[in-house]
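In: could you look at this predicted model? Sequence included:
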Amino acid sequence: MTDKIAKRNKTYIEYVEKVSPSTNATHSLIKAFAIGGATCVIGEILRNLLALAPSIDDKAAAVYSSVILVTAAIIMTGTGVYDNIARHGGAGSFLPIRGFANAMSSAAMEFRSEGLITGTAVKMFNVVGPVIVNGIVWSAASGTIVWLVSVIASL
């Protein structure tokens, strides 16, 4: 029986290797770096341009540029543009700020037919919830470690 299963598994693996598209790792890494780098450059250009306004300080410019990037990612997800960027950019398209916005908005779009509350809101927060919880937990843990180190250093 196990020989039969092993043969079936081997046949399946051979089939998967045959039909799966081959990828060039170096080419994929370069494209991911280019897409991710372009996003960072765009974010920095936005921040620098916003900081030129007399009523906007550096911190506010950083916040506004982040909001613009998130909004752009949501609009690109809704129009299908983000899928093309992700197809070519791979991991480079999922920088934390844009990838999070894409994950949230695509989950909301996917389940919108189930209704505003039971579809859109619930599914969107299924994606967002673990990220927020992990962010809070690990921020608190690292803050506690920094506090303990400073207390020990002051002794």
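Out: Here it is on my side, so go on.

In: who are the packing partners of the helix or strand bottoming out on mean pLDDT in the chain?
Out: Counting by mean pLDDT, DSSP states H and E, the chain has its least confident helix or strand at helix 96-110, which shows a mean of 73. The contact analysis (3 or more C-beta pairs under 8 Å, 6 or more residues apart in numbering; DSSP states H and E) places helix 96-110 against helix 58-79, helix 81-89, helix 122-154. Bear in mind the C-beta positions are built from the backbone N, C-alpha and C, glycine included.

In: for residue 100, which of the ones you listed is the nearest?
Out: Nearest to residue 100 among the helices and strands packed on helix 96-110 is helix 122-154; the distance by C-beta to C-beta comes to 6.6 Å.

In: quick check: angle from that closest one to helix 96-110?
Out: Counting by axes from the mean of the first three to the mean of the last three C-alpha atoms, to 10 degrees, helix 122-154 lies at 150 degrees to helix 96-110.

In: helix 122-154 - contacts with which helices or strands?
Out: helix 96-110.

In: show me the shaky parts of this structure.
Out: For the chain, applying pLDDT under 70 flags the ranges 1, 96, 111-112, 115-121, 124, 127.
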